[in-house]
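>>> What follows is a predicted protein model with its sequence.
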Amino acid sequence: MKRISSILLIGLFAYILSGCTYWTMNTNESQREVSVNETIDKEEYIYTDDFSDYKKIDLNLNIDVSDVTIKKVNNQTFTLTQHANKTKLFVIPTSTPDGDTLHLSFDSPKHQTHFNTLNSKIVIELPESFLYNIHSNVDVGKFELNSDTLHFEKLDVSSDVGDINIILASEQDELKYVDLSSDVGKVNLELQNDAAKLDAISLSSDVGDLLLKTSGAYPTLQEVEVNGNTGKVTLSMNGNYDNAFTLDANSDIGQVKLDLKGDYAENTKLRCTTSTGGLKLKLDENLKVKLIAEKEDFISKIKFQNVNYTAQEDCFFINNANSDQFDMTIEAYSDIGDIEIYH
């Protein structure tokens, strides 16, 4: 009962705070100084910066209330544009050069406000010819990044209430890790091309669906974690994985679904767990798999749909795998719900 009450309470907060609109308390505001890079109007804030002296940009966002959208621009000029119904929401920039790297931060002003409705939208335009680290923390608001040319080294994005959606179509030569988390909101990550240096991927949400799609070559991948409390977990992995990595996908309340294709290194280990919702494992016919599950589930829960397998005392060998030859090990556990294996 306590768990259900917590979920209902979180859902209520999500409803109240949806659309980047919320209620706050304010008692005083101080006059801010405006730099040469800034233009402030009644409901619009613009910050511009020339990146031509740098190779790498560390972009840090600490935002109270705002949707954030990041996209490319075809010149050397960085632009952040914010539209808000209150000027007190306009972000405050900090720029710190460090050799060929620029550390650029935008923070929401610290203030206490009278009761009022606040909303904001931020659009960030990034020049193409630079390497980026993105660290973003938004209390209330969506985060959107969809690019076919921008290049990143690290992506670290979190939101208390709001969806996170990142789609990278271009090859990522320098990307090392991706960490996306939302307390209340959907989290979606799509990597549509090679990532030669990617080590780790982490997605999490307390309340919201999780989606991970990868295709391409990932020769250094070591760890994938996709963890949800309430919501579906969907993974679609298609590509070349030269390194034997570990994957942990789980949901307390929600279905966990894996769609696996491509070439995987021996000793790749996957663990899929759900308390309520069941598991679905879609396996390429050429993928040799050792499936481990609770013994009591062998008859009652595990369902093979036109899949070639042999049963052992403590496991199944799928697609002509055997004890001496298999591409990966999958541990599958479902308290309530079947474990389905199909092509």
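That came through, no problem.

>>> and residue 158, which of the three is it?
Under the three-state scheme (DSSP: H, G, I helix; E, B strand; the rest coil), residue 158 adopts strand.

>>> Next, the contact list for it, please.
Residue 158 is in contact with 136-138, 180-182, counting by CB atoms under 8 Å, 6 or more residues apart in numbering. Just so you know, the C-beta spots here come from the backbone N, C-alpha and C atoms, and that holds for glycine as well.

>>> Please list the members of those residues that lie in strands.
The strands, defined by DSSP state E, take in 136-138, 180-182 from the contacts of residue 158.

>>> and which of the residues you listed is nearest to residue 212?
Nearest to residue 212 among the ones in strands among the contacts of residue 158 is residue 180, at 9.4 Å by CB to CB.

>>> and residue 298, backbone torsions?
Backbone torsions of residue 298, given as degrees, to the nearest 10, read phi -60, psi -40.

>>> got it, and residue 296?
Here is the backbone geometry of residue 296 (degrees, to the nearest 10): phi -70, psi -10.

>>> so what's it scoring on pLDDT?
In this model, residue 296 is scored at 75, pLDDT.

>>> what's around it, how many residues?
8 (other CB atoms under 10 Å).

>>> how close does residue 322 sit to residue 316?
Going from residue 322 to residue 316 by CB to CB, to the nearest Å gives 11 Å.

>>> Between the two, which contacts overlap?
residue 310.

>>> Comparing those two, which residue is more hemmed in?
For residue 322 versus residue 316, the count of surrounding residues by other CB under 10 Å is larger for residue 316: 21 against 11.

>>> Show me what the more buried one is bridged to.
Note on residue 316: beta-bridge partners by DSSP bridges are residue 291, residue 311.

>>> Next up, the contacts around it.
Residue 316 is in contact with 290-291, 293, 302, 309-310, counting by CB under 8 Å, 6+ apart.

>>> are any of those residues buried, and which?
Those of those that meet the buried threshold are 290-291, 293, 302, by 16 or more other CB atoms under 10 Å.

>>> pLDDT below threshold where in the stretch 1-150 of the chain?
In the predicted model, the stretch 1-150 of the chain carries pLDDT under 70 at residues 1-33, 111-116.

>>> how about the helices in this structure?
Secondary structure of the chain by DSSP state H: the helices cover 2-17, 297-300.

>>> if we can go back for a sec, export the buried ones among the contacts of residue 316 to TSV and tack on distance to residue 188 and pLDDT?
TSV is the format used below for the buried ones among the contacts of residue 316 (distance: CB to CB, whole Å; pLDDT from 0 to 100):
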residue	distance to residue 188	pLDDT
290	30	96
291	28	96
293	29	90
302	29	92
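
>>> tell me the contacts of the residue most central in space within the chain?
By CA atoms, centre = their mean, the chain has its centre lying nearest to residue 180, at 3.5 Å. Contacts here follow CB under 8 Å, 6+ apart; on that basis residue 180 touches 155, 157-158, 164, 166, 187, 189, 202-204.

>>> out of these, who's nearest residue 341?
residue 203 (23.6 Å).

>>> quick one, what contacts the closest one?
The contact partners of residue 203, by CB under 8 Å, 6+ apart, come to 180-181, 187, 189, 210, 212, 225-227.

>>> Now with 10 Å, please.
When contacts are counted by CB atoms under 10 Å, 6 or more residues apart in numbering, residue 203 is found next to 164, 166, 178-182, 187-189, 210-212, 224-228, 233, 235, 249.

>>> what do you get for residue 263?
Counting by CB under 10 Å, 6+ apart, residue 263 makes contact with 217, 239-242, 284, 286-287, 327.

>>> Distance-wise, check the closest residue to residue 335 other than its chain neighbours relative to residue 135.
Once flanking residues are discounted, residue 335 sits nearest to residue 275: 4.7 Å by CB to CB, 6 or more residues apart in numbering. Distance from residue 275 to residue 135, counting by CB to CB: 33 Å.

>>> What number of residues are in the vicinity of residue 336?
Other residues within reach of residue 336, judged by other CB under 10 Å, total 11.

>>> Equivalent analysis for residue 254, please.
Residue 254 has 23 nearby residues by other CB under 10 Å.

>>> how about it, phi and psi?
The phi/psi pair for residue 254 (degrees, to the nearest 10) is phi 150, psi 150.

>>> Against residue 274, how distant is it?
Computed as CB to CB, the residue 254 to residue 274 distance reads 7 Å.

>>> Need the overlap of contacts for these two.
Joint contacts of residue 254 and residue 274 (CB under 10 Å, 6+ apart) are 228, 232-233, 337.

>>> Check pLDDT for those and point me to the minimum.
Ranked by pLDDT, the shared contacts of residue 254 and residue 274 bottom out at residue 337 (92).
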